[in-house]
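**Q** sequence first, predicted model second:
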Amino acid sequence: MRTDTGQVFRLEDYRPSDYLIPELDLTFRLDPERTIVTARLSIARREGVAADLPLVLDGDGLTLGQLLIDGRPAEDGAYEATPDRLTIVKPPKAQHFELTIVTRLAPANNKALMGLYVSNGVFCTQCEAEGFRRITYFLDRPDVLAVYRVRIEARKKEAPLLLSNGNPVEHGDLDDGWHYAVWHDPFPKPSYLFALVAGDLGVVRDRFVTASGRDVALAIYVEHGKEALAAYAMDALKRSMRWDEERFGREYDLDVFNIVAVSDFNMGAMENKGLNVFNDKYVLADPETATDVDFANIEAIIAHEYFHNWTGNRITCRDWFQLCLKEGLTVYRDHEFSADQRSRAVKRIAEVRTLRAHQFPEDQGPLAHPVRPRRYREINNFYTATVYEKGSEVVRMIRTILGAEAFRAGMDLYFERHDGQAVTIEDFLACFEAVSGRDLSQFSLWYHQAGTPNVTATTRYDPSAREYTVELEQSVPPTPSEARKRLMHIPLAFGLVGPDGQDMAYESVEGAAVEDSVIHLRKRRQVIRFKGVEVRPILSLNRGFSAPITLSQETSASDRLFLARHDSDLFSRWQALDTLLTKALIDASARIRGSKEPEFEAALLDCAAEIAADERLEPAYRALALTLPAEADIAREIGSNIDPDAIGAARASLRKAIAIRAHENFAALHRNLEDKGPFSPDAESAGRRALRNVLLDYLAAGSGEPALALHQFENSTNMTERMAALTVLAHQFPTSEATQKALAAFEERYRDNALVLDKWFIVQATIPGPDTVDLVRRLMEHEAFSLMNPNRVRSLIGSFASANQTGFNRVDGEGYRFLAETVLRVEAHNPQVAARLAVAFRSWRSLEKGRQEHARAALAHMAQQPELSRDLRDIVERTLA
Ligand code: PHE
Ligand code: ZN
């Protein structure tokens, strides 16, 4: 384990490397216990660098076997090798020279899953961000680009399949049952994009012809027998390739594109050039084992990794501070792809829910950081919702400000200007400034300043002057190490909604930059006067969530109900209802804390029921409208002195109130929506199932009986409905016989399918209430559970800690103690996954006093360990600070 040295990396310290490595020749002789890696590096001293400057290569836990300099064994004193550094003390005088480095690895013992490891008998690598230095000594930084030639040797029986980046060059047999393959990647790339896979896998093949006629051989490799489960992923891949040509003019550039699914993986997937490696959870799917959400995730992640080929690989990051350059932009691209493939409004609502659930708490807590951070101790901890999701929102705002055409022109310029380079956010923004003539310097604060801006809006209508006044004010709350904030450029899409629900016209506007239907808020306070407005409108602001802010707008409940029913912008309709529901839940939880009965406005209950039944709206949208704000969302809105039990109770009582009031409609709808005909994962059918499943949750709550859910569980013909029914049973009736029966049947049916059993772990780990921590402890003993596998850990431990508010925040602190103890156990072999689990503590200061003390004690317990990894120490110390 790499323990913490307290070293901090700072953006302002960036300087180019003294040496470059234009070419790299790698040979792997693969063995689980004793792999031999021979790396031949062509080294070029950069122009102007003194010839006697030592060359320092990165390593991580390496042992040097052999070192040749220009083909001759290096003499003692010519170099120094430690596990994490190889220093060529006196490099050759010539500007170009060659190093040959031999290292030995034991991939079977690599449980951190960084570098070269074995998953299920398959050799595979993970190099982003700094895993390549666990394979050989190298300048392991993204601005050092090399052309790779890779030779893989392995036992033919153990590994008939030998893959690396680029195009295949040759293959053949060797002595003693060994064989080899050689791959060549013509595109210079940083070491984090290197990959190798060797093993015995099944394959699904297809072809894709690019716009300019290049014939690309596509392959997805999975465990033998699971080939049929890769069909959907293959379809998503082909759609992604076509879409990137049509929407961004980007073609694929190699003869082959390979995807491999592995079962031990720290993250979702990885965009290695020409050889994407995936967590198998994001490849394998069929109606029997995958839910509609799984299908949608697969589509999005296949697209995401594919899109990286241009945004990330052809153009990469200068340094890891620029991570959002590739991630924020690529998330934006995959969001657009999904929006085009599915329903744009529904997709947008889902994105905003995710942003609020994951990025807002990050931005509002101790781990807040700018989309482009200025400092880090461990880069692994910066693969965050801020870098990814807020990073995507920032790109989206560029498009809102520039308009579709100029945005596309800016992207074209970016691809043209920087192809083959490792660049920065400044380079990216400069392209949009160049094509539009706009000054984006104030806008660029979105990259540099942490924290969620708040906008307050007040409105006035003067009927005699026919004038409507909107007063806006912005503020950005302080975040760690950024006490004072500068004023931001916030693009707010809006409409003035008239009595018929249509947007009203006005004659002129005065006081601020209003372009088309966007207000550009750039000062602290701005007053906007709309002239010639016939009747009092209702302001629909931040339509489509044009800016990732919190909005405080004084609007009467009746105006909000009107927007929820009539706003022409579907996102804003959803938002209006969601705001009303959130307010009702906050009130209800306060009453429950004061030992009073919660009360809800009939008009609100009716509005929700009415939207559920509105056939003019697509089912997926109605399902989202009926999904009550999550407990964590309500907690975040309350902000401080949180009692998760009161919030949980409030949410349950609102669900019940709606269910009772709408009972008959809901029951009829639930019946009518029953799936007829064969399963299809398309968005339309998925939407119908989503609505039906939300209704089931209400119907069960209204009746207080598990019968209907048990019936759906037993009769469903697909995983989406089965899982939804099981969730209703387990979460609403945890101790009932029906639930025990269903859980046992599910376990029995899928006992050999680890990915499906993960769902069984999740549904139990998220049962609300104080007893779940004990249940999770028991489930850790289950034969299908393993602390070594990240998917298992995330399903059972991760979902308990991050998606079970009343369970994790048990009043006696047992949830916190359990998590701290488990995090330390995981850390012993996988610091990266451990650190991610520990992030569940990030909102501890907003809890009521008693829980705060318990959480602090659990964090302190971790902090006091004498040997902590860099990953975990970084998270724990920032969380406690
Ligand atoms: N770069 C990957 C992605 O977002 C994520 C990743 C990071 C995977 C680090 C593995 C390790 O597409
Ligand atoms: Zn990515």
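**A** Okay, I see it. Ligands and ions are numbered 1, 2, ... in the order given.

**Q** show me the helices in the stretch 751-881 of the chain, by range?
**A** All helices of the stretch 751-881 of the chain, identified by DSSP state H, counting those that start in this stretch, fall at 754-765, 772-779, 790-793, 799-803, 805-808, 814-827, 831-838, 849-863, 870-880.

**Q** pLDDT on stretch 840-853, on average?
**A** Averaging pLDDT along stretch 840-853 gives 98.

**Q** and of the helices of the stretch 751-881 of the chain, who's closest to L355?
**A** L355 lies closest to helix 799-803 among those, at 15.5 Å (Cβ to Cβ). C-beta coordinates here come from the backbone N, C-alpha and C atoms, glycine included.

**Q** if I pick the closest residue to ligand 2 within the stretch 101-250 of the chain, what's in contact with it?
**A** Of the residues in the stretch 101-250 of the chain, the one nearest ligand 2 is E128, at a distance of 9.0 Å by Cβ to the ion. Each residue near E128 by Cβ atoms under 8 Å, 6 or more residues apart in numbering is listed here: 192-193, 270.

**Q** now it: how far from A74?
**A** Distance, E128 to A74, using Cβ to Cβ, to the nearest Å: 30 Å.

**Q** right, and the helix or strand after the strand or helix carrying F278?
**A** In the assignment (DSSP states H and E), F278 maps to strand 275-279. For strand 275-279, the succeeding helix or strand toward the C-terminus, using DSSP H and E, is helix 292-307.

**Q** and the helices of the stretch 751-881 of the chain as TSV, adding mean neighbour count and distance to L55?
**A** Below are the helices of the stretch 751-881 of the chain laid out as TSV (neighbours: other Cβ atoms under 10 Å; distance: least, Cβ to Cβ, whole Å):
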stretch	mean neighbour count	distance to L55
helix 754-765	22	45
helix 772-779	18	50
helix 790-793	22	36
helix 799-803	23	44
helix 805-808	24	49
helix 814-827	21	33
helix 831-838	25	29
helix 849-863	17	37
helix 870-880	23	25
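
**Q** turn the ones you listed into TSV, columns for distance to P370.
**A** Output for the helices of the stretch 751-881 of the chain, formatted as TSV (distance: least, Cβ to Cβ, whole Å):
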stretch	distance to P370
helix 754-765	32
helix 772-779	35
helix 790-793	28
helix 799-803	23
helix 805-808	28
helix 814-827	26
helix 831-838	20
helix 849-863	24
helix 870-880	14
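
**Q** circling back to that earlier point, kindly identify which of the contacts of E128 also come near ligand 1.
**A** M270 (Cβ under 6 Å from any ligand atom).

**Q** can I get the contacts of E128 in JSON lines with neighbour count and secondary structure?
**A** As requested, the contacts of E128 are exported to JSON lines (neighbours: other Cβ atoms under 10 Å; DSSP: H, G, I helix; E, B strand; the rest coil):
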{"residue": "Y192", "neighbour count": "23", "secondary structure": "helix"}
{"residue": "L193", "neighbour count": "25", "secondary structure": "helix"}
{"residue": "M270", "neighbour count": "25", "secondary structure": "strand"}
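
**Q** sorry, back to before: could I get the helices of the stretch 751-881 of the chain as JSON lines with distance to ligand 1?
**A** As requested, these are exported to JSON lines (distance: least, Cβ to the nearest ligand atom, whole Å):
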{"stretch": "helix 754-765", "distance to ligand 1": "19"}
{"stretch": "helix 772-779", "distance to ligand 1": "26"}
{"stretch": "helix 790-793", "distance to ligand 1": "11"}
{"stretch": "helix 799-803", "distance to ligand 1": "19"}
{"stretch": "helix 805-808", "distance to ligand 1": "26"}
{"stretch": "helix 814-827", "distance to ligand 1": "17"}
{"stretch": "helix 831-838", "distance to ligand 1": "8"}
{"stretch": "helix 849-863", "distance to ligand 1": "23"}
{"stretch": "helix 870-880", "distance to ligand 1": "12"}
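
**Q** nearest to Q553, of these?
**A** The stretch from these with the least distance to Q553 (Cβ to Cβ) is helix 805-808; that distance is 27.1 Å.

**Q** what's the closest one packed up against?
**A** Secondary-structure packing of helix 805-808 (3 or more Cβ pairs under 8 Å, 6 or more residues apart in numbering; DSSP states H and E): helix 631-638, helix 644-661, helix 772-779, helix 799-803, helix 814-827.

**Q** quick one: list the elements packing against the helix ranked longest in the chain.
**A** When the chain is parsed with DSSP state H, its longest helix is helix 570-593. Packing contacts for helix 570-593, counted by 3+ Cβ pairs under 8 Å, 6+ apart, involve helix 344-354, helix 557-566, helix 602-613, helix 619-626, helix 631-638, helix 644-661.
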